[in-house]
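K.L.:
predicted model follows, preceded by the sequence.
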Amino acid sequence: MRAYRKREWASLMINMTPLIDVVFLIIVFFIIMINFSEVLIRKITLPKADEAKEIKEHVIKKITITIKSEKFIFVDRKKVSLYSLEETLRQKVCDPRKTTALLRGDENSPYDAIQKVMEKVAFAGITRIEFSTYKEAVPPLERDINDEASDQSNR
């Protein structure tokens, strides 16, 4: 007759360290990917302007509205749909007469999307709208070689 021994539970233990490492790496991967996806959506190319001027006016509140397309509209880093934009602005603004909306529209976005956003801003009661543009740096003046030669001959 065979003698049966009870199994010891210590021999059936599963090592959890590799499993915890893998789960931790997956969590870190998803956290990083979520942050990068938000940065890529918000990245826009501002249109270039020759005569852009910085307005130095005392404004109590300025709301930044970033427009990538009709589907990608951000109000102060929060994604908002076009249909809820007016309500979001009304909730954020206490006094629309003392608030300025800074529109950051992508240069490749259709003008129709920017026009619709401007209408929603106006319906929210905000009358001051600024457009954010990129102003290229003015290159320094370079002297022509012929000008230098004529200056030396006149001396």
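P.N.:
Received, thanks.
K.L.:
where do the helices sit along this protein?
P.N.:
Ranges of helices in the chain, per DSSP state H, are 17-42, 85-92, 111-123, 145-153.
K.L.:
run the angle between the third one and helix 85-92 for me.
P.N.:
So the one you mean is helix 111-123. Here the directions of helix 111-123 and helix 85-92 differ by 40 degrees (axes from the mean of the first three to the mean of the last three CA atoms, to 10 degrees).
K.L.:
what are the contacting residues of helix 111-123?
P.N.:
65, 67, 69-70, 73, 82, 85-86, 89, 101, 103, 105, 129 (CB atoms under 8 Å, 6 or more residues apart in numbering). For the C-beta atoms, the positions are set from N, CA and C on the backbone; glycine is no exception.
K.L.:
so among these, which ones count as buried?
P.N.:
Neighbour counting with 16 or more other CB atoms under 10 Å marks Ile65, Ile67, Ile73, Leu82, Leu85, Glu86, Leu89, Ala101, Leu103, Gly105 as buried within the contacts of helix 111-123.
K.L.:
list the contacts for the residue lying closest to Ser81 once chain neighbours are set aside?
P.N.:
Nearest non-adjacent residue to Ser81, counting by CB to CB, 6 or more residues apart in numbering: Ile73, 7.1 Å away. By CB under 8 Å, 6+ apart, the contact set of Ile73 is Ile65, Thr66, Ile67, Lys79, Val80, Ser81, Leu82, Leu85, Val117.
K.L.:
hang on, Leu102 packs against Thr66?
P.N.:
No: Leu102 lies out of contact with Thr66 (CB atoms under 8 Å); the separation is 9.2 Å.
K.L.:
tell me which of the two has more neighbours.
P.N.:
Neighbour count, other CB atoms under 10 Å: between Leu102 and Thr66, Thr66 has more, with 23 against 17.
K.L.:
quick check: the more buried one vs Val117, distance?
P.N.:
Going from Thr66 to Val117 by CB to CB, to the nearest Å gives 10 Å.
K.L.:
give me the common contacts of those two.
P.N.:
Ile73, Gly105.
K.L.:
helices and strands of this structure: which one has the lowest mean pLDDT?
P.N.:
None of the helices or strands of the chain scores lower by mean pLDDT, DSSP states H and E than helix 145-153, at a mean of 54.
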